[in-house]
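> Model the structure of this input:
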Amino acid sequence: MVDELKNVPITDFSGGLNTYHPATELQLNQSPDLDNIYLLGKGFKKREGDSEFNSTAMNSGKQCQMVAYYKEAGGNEFLVAIAGSKVYKSDSLDGTMDEIAGAGAGHTDPTDGQNNIYTPVILKNLLMWFGASAPQSWDGSTATNDYQTLAGTPPTADFAFTIKDRVFAGKTSANPSTLYWCVLSNPEDWSGTGSGNTAVVTNDGDNLVGGIQLNNNLALLFKQYSIHHLVVESSPFPVRPLIRGVGCCGKHAMVNANGMIYFITKEPRMKSTDGYSIYTYSDSIDDLWDGLNKSRLDYIQGIYDPVKGLIHWVCSYGTSTTNNYDLVWDIKHKCWLRNTTGFDANTICLAQGYRLFAGHYAGKIYEKYKSTVYEDASETDKSINGYWRSGWLDFGDKFSVKQARYADIICKTQTRGLVKYSYGYNFNKDTREDSFSQESVGGKWDTDTWDDSLIWGGEDYRQSRVFMFGEGNNFQTKIFNDVEDDSMEINSLSLAVTVSGESEITR
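Residues are numbered from 1 along each chain as shown. I've put the predicted structure just below:
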């Protein structure tokens, strides 16, 4: 019998991560194990790393409990952070975090503690923060350079958000299901005409968790097991139930992405709503959701990156008592990705220019996905292991012996580094490894001088062939780069496989 040579092209990696279903039953574009990558079209790229924002730790290394981007009407911009019981600012995002002093007796220090996470809001050129202590405000003044207790007897609320020129704040210790609001256009008046409060279904055994603007006329209020409309077209603001039995686990576990609210439930799972219907998502990582530390769901940090189209859910995996894991929803491709390193973040925010900043646990802020940076300054081991692994492939025949003869891999050329390639048979993964250079193989057409280059590499891409050995009933491969400062971008993988009539399966 003549062995049949099959070409198996994998030109689409957009199925993302699937850790829940058997690795023998996945689609070609799905992976049972990937890390530290994101999708570009149907290919993938090793994610960029992070850089240290402030070289000197805030408050002798206290944990960050808030990171906020604040831009004044005059154009001055700041990164403001809470670390322990102190407040800091960085002028013009220069990387130096200077302490903002409290205004004598007219302020309340933040309450120290890793889990005392504050929520920043901005209205009428005033930065405010709500959380474990009385709400405070800062106007960016370089003359007084201090912060003070927010005027107007506001509630000491756990969360806050802005919509229609008002600040709304909710969940006080005395009234955990009550929402409060300030006077129109005046965040320093909480008792005058136009201010008020409303109870959101009291005596249901549940408390308010958070709120978020959906559109210009509607906000959503979340309890742990219910969702409610807040109609803000005119005062008084009616609250109407949207759904019961579904809610949100934490005040920062909800994001608005293109007019859709995505949120994490108490199960935990990700769901979304457009304000009318509730949508559920793939069960492909249900085992990862089940593996989260359930006692820390309140502290999940969600952020939407509109440039890459990614929603990051920074959470605590396993028995970790801090956030140590990043589950990533790719909106465009409707699939899951993950970063198991680089996101040990207690708080996170997005600044102008879509710069992503995260406050970690030792007084440091790090800028994530930093262009041209391919190491994590926030990690002890700075190298980023970015990889994609295939499922266990039987090429449509579970009984015959297969030999993967070679793989053709198309990658984008880089200035340095290797693409690494490992493979194995019969559920013995990564038994062999090979690599090839990512550097350009020669000159580029219409760019370099004719007859000066021995090999022409085309338009910033190269195709490399990796020869392989071994045989078995099923086959798995992994493409990766784990070297500090190396990038990697993969466009396609094609496997040349021979299938024989002999069977290797044993009883």
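> could you pull out the strands for the stretch 101-250 of the chain?
119-123, 126-130, 136-138, 146-149, 159-163, 166-170, 178-181, 196-199, 208-215, 218-223, 226-231, 239-244 (DSSP state E, counting those that start in this stretch).
> Now tabulate those in a markdown table and tack on distance to Phe263 and mean neighbour count.
Using the backbone N, CA and C atoms, a C-beta is placed for each residue, glycine as well. Below are these laid out as a markdown table (distance: least, C-beta to C-beta, whole Å; neighbours: other C-beta atoms under 10 Å):
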| stretch | distance to Phe263 | mean neighbour count |
| --- | --- | --- |
| strand 119-123 | 15 | 19 |
| strand 126-130 | 19 | 23 |
| strand 136-138 | 27 | 24 |
| strand 146-149 | 31 | 19 |
| strand 159-163 | 13 | 23 |
| strand 166-170 | 16 | 27 |
| strand 178-181 | 17 | 23 |
| strand 196-199 | 21 | 15 |
| strand 208-215 | 8 | 22 |
| strand 218-223 | 7 | 24 |
| strand 226-231 | 8 | 20 |
| strand 239-244 | 12 | 14 |
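> Any chance of TSV for those strands, columns mean pLDDT?
Shown next, in TSV, are the strands of the stretch 101-250 of the chain (pLDDT from 0 to 100):
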stretch	mean pLDDT
strand 119-123	98
strand 126-130	98
strand 136-138	97
strand 146-149	95
strand 159-163	98
strand 166-170	98
strand 178-181	98
strand 196-199	96
strand 208-215	98
strand 218-223	98
strand 226-231	98
strand 239-244	97
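> For His333, which of the ones you listed is the nearest?
Each of the strands of the stretch 101-250 of the chain has some distance to His333 by C-beta to C-beta; the shortest is strand 208-215, at 24.1 Å.
> could you check the angle strand 226-231 makes with the closest one?
50 degrees (axes from the mean of the first three to the mean of the last three C-alpha atoms, to 10 degrees).
> Run the angle between strand 208-215 and strand 166-170 for me.
150 degrees.
> Using CSV, write down the CA coordinates of strand 208-215.
Extracted in CSV, the C-alpha atoms of strand 208-215 (Å, rounded to 0.1, in the frame of the first residue of the first chain):
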residue,chain,number,x,y,z
LEU,A,208,-26.7,46.7,44.9
VAL,A,209,-23.4,45.8,43.4
GLY,A,210,-22.8,48.5,40.8
GLY,A,211,-24.1,50.6,38.0
ILE,A,212,-23.1,51.6,34.4
GLN,A,213,-24.2,53.8,31.6
LEU,A,214,-25.8,51.9,28.7
ASN,A,215,-26.7,54.9,26.5
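> Please shift the residue numbers so they start at 4 in all later answers.
Will do, 4 is the new start, and the previous item becomes strand 211-218.
> about what we covered before: can you list the strands of the stretch 104-253 of the chain in TSV and add distance to Val422?
Listed next are those as TSV, based on distance: least, C-beta to C-beta, whole Å:
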stretch	distance to Val422
strand 122-126	42
strand 129-133	46
strand 139-141	49
strand 149-152	50
strand 162-166	45
strand 169-173	51
strand 181-184	53
strand 199-202	58
strand 211-218	42
strand 221-226	44
strand 229-234	46
strand 242-247	47
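> To Asn494, which of these lies closest?
strand 211-218 (37.7 Å).
> Can you tell me the strand partners of that closest one and which way each runs?
strand 221-226 (antiparallel) (DSSP bridges).
> For the strand it pairs with, what is the distance to the chain centroid?
22 Å (C-alpha atoms, centre = their mean, to the nearest Å).
> cool, stretch 197-205 as well?
So, by C-alpha atoms, centre = their mean, the centroid of stretch 197-205 is 33 Å from its chain's centroid.
> show me where this structure has helices.
289-293 (DSSP state H).
> so where is the protein shaky, pLDDT-wise?
Across the chain, the ranges flagged by pLDDT under 70 are 4-5, 145-146, 445-462, 504-510.
> and with 50 instead?
Counting by pLDDT under 50, the chain contains low-confidence ranges at 4, 455-459, 510.
> Just confirm Val170 contacts Phe162, I think it does.
No: the criterion here is C-beta atoms under 8 Å, and Val170 misses it with Phe162 at 11.0 Å.
> nearest to Thr344, of the strands of the stretch 104-253 of the chain?
Comparing the strands of the stretch 104-253 of the chain under C-beta to C-beta, the one sitting nearest is strand 122-126, at 27.0 Å.
> which other helices and strands contact that closest one?
Contact here means 3 or more C-beta pairs under 8 Å, 6 or more residues apart in numbering; DSSP states H and E; on that basis strand 122-126 packs against strand 67-74, strand 129-133, strand 162-166, strand 169-173.
> Sheet-wise, list the partners of it with their directions.
Assessed with DSSP bridges, strand 122-126 is paired to strand 129-133 (antiparallel).
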